[in-house]
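> test case, fold it:
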Amino acid sequence: MEVALTNTMALSTGISAMRNRMTVYRVSSPETLPTGSGYWMTSYRFMVGLRYNWIHTLHLDQKQTH
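Numbering: from 1, shown residues only. A predicted model of the protein is given here:
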């Protein structure tokens with residue numbers, strides 16, 4: 001979400017979540033087969049930013065002439 005504070009400054013925010021299935025393999029010796037155990041990893045991200053736009057726009061009156 002973005003909210004304009006002035007003509008050139010804006011406050012940006014965002015949130016996201018991600019979930020992954022992962023597997024861990026453990027090897028105790030070279031002769032044995034690795035054993036795996038699975039688990040879920042969940043990560044959350046929250047972002048807050050300040051955006052500056054240095055470009056200025058001009059509001060020109062456009063008149064039609066015939």
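> what's the strand or helix carrying residue 19 packed up against?
Residue 19 belongs to strand 9-26 when assigned by DSSP states H and E. Contacts defined by 3 or more C-beta pairs under 8 Å, 6 or more residues apart in numbering; DSSP states H and E place strand 9-26 against strand 2-4, strand 35-52. Glycine gets a C-beta too; all of them are placed from N, C-alpha and C.
> dump the ones you listed to CSV, plus mean pLDDT, distance to residue 19 and mean neighbour count.
Putting the helices and strands packed on strand 9-26 into CSV (pLDDT from 0 to 100; distance: least, C-beta to C-beta, whole Å; neighbours: other C-beta atoms under 10 Å) gives the following:
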stretch, mean pLDDT, distance to residue 19, mean neighbour count
strand 2-4, 89, 26, 10
strand 35-52, 90, 5, 9
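> could I get those as a markdown table with distance to residue 26?
As requested, those are exported to a markdown table (distance: least, C-beta to C-beta, whole Å):
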| stretch | distance to residue 26 |
| --- | --- |
| strand 2-4 | 46 |
| strand 35-52 | 6 |
